[in-house]
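Chemist: missing the sequence, but the structure's below:
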């Protein structure tokens with residue numbers, strides 16, 4: 001037995017009638033719950049479907065978070081403010097003179 005040829009998915013279908021259809025009837029509902037991004041045609045071989053795009057974006061976000069976590073460090077010592085005089089003044093010497101009481 002021969003297998004029947006697959007019909008063209010983009011070809012005309014005789015049993016469907018769109019003559020009374022309203023264009024854009026549900027576009028507002030679709031736009032509310034969907035984020036659409038246009039992928040560059042050069043990337044289509046690498047991302048053939050939405051699941052591969054989602055995996056790549058999740059991996060990117062995980063790597064980005066690890067880089068942020070590795071780059072942050074806590075400072076143990078704060079530098080004194082510019083308005084506070086340092087204890088050592090190179091022009092005066094090791095101990096600056098203090099006014100006597």
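Modeler: It's in. Since the model is a prediction, treat every value here as computed from it, not as a measurement. Numbers count the residues shown, from 1 in each chain.

Chemist: My reading is that residue 9 lies in a strand. Confirm?
Modeler: No: looking at residue 9 with DSSP: H, G, I helix; E, B strand; the rest coil, it is coil, so not inside a strand.

Chemist: That one: how many residues sit nearby?
Modeler: 6 (other Cβ atoms under 10 Å). Where you see a C-beta, it was placed from the backbone N, CA and C, and this is true even at glycine.

Chemist: likewise the one 3 residues further on?
Modeler: By the other Cβ under 10 Å criterion, the neighbourhood of residue 12 contains 6 residues.

Chemist: That one belongs to a strand?
Modeler: No: Residue 12 is assigned coil when assessed by three-state DSSP, not a strand.

Chemist: For it, give me the pLDDT.
Modeler: pLDDT recorded at residue 12 is 77.

Chemist: Kindly report the same for residue 64.
Modeler: At residue 64, pLDDT is 91.

Chemist: now residue 46
Modeler: Reading off the confidence values, residue 46 has pLDDT 91.

Chemist: measure it to residue 37 for me?
Modeler: 14 Å (Cβ to Cβ, to the nearest Å).

Chemist: So for those two, which residue has more residues nearby?
Modeler: Counted by other Cβ under 10 Å, residue 46 and residue 37 do not tie: residue 46 has more neighbours, with 10 against 7.
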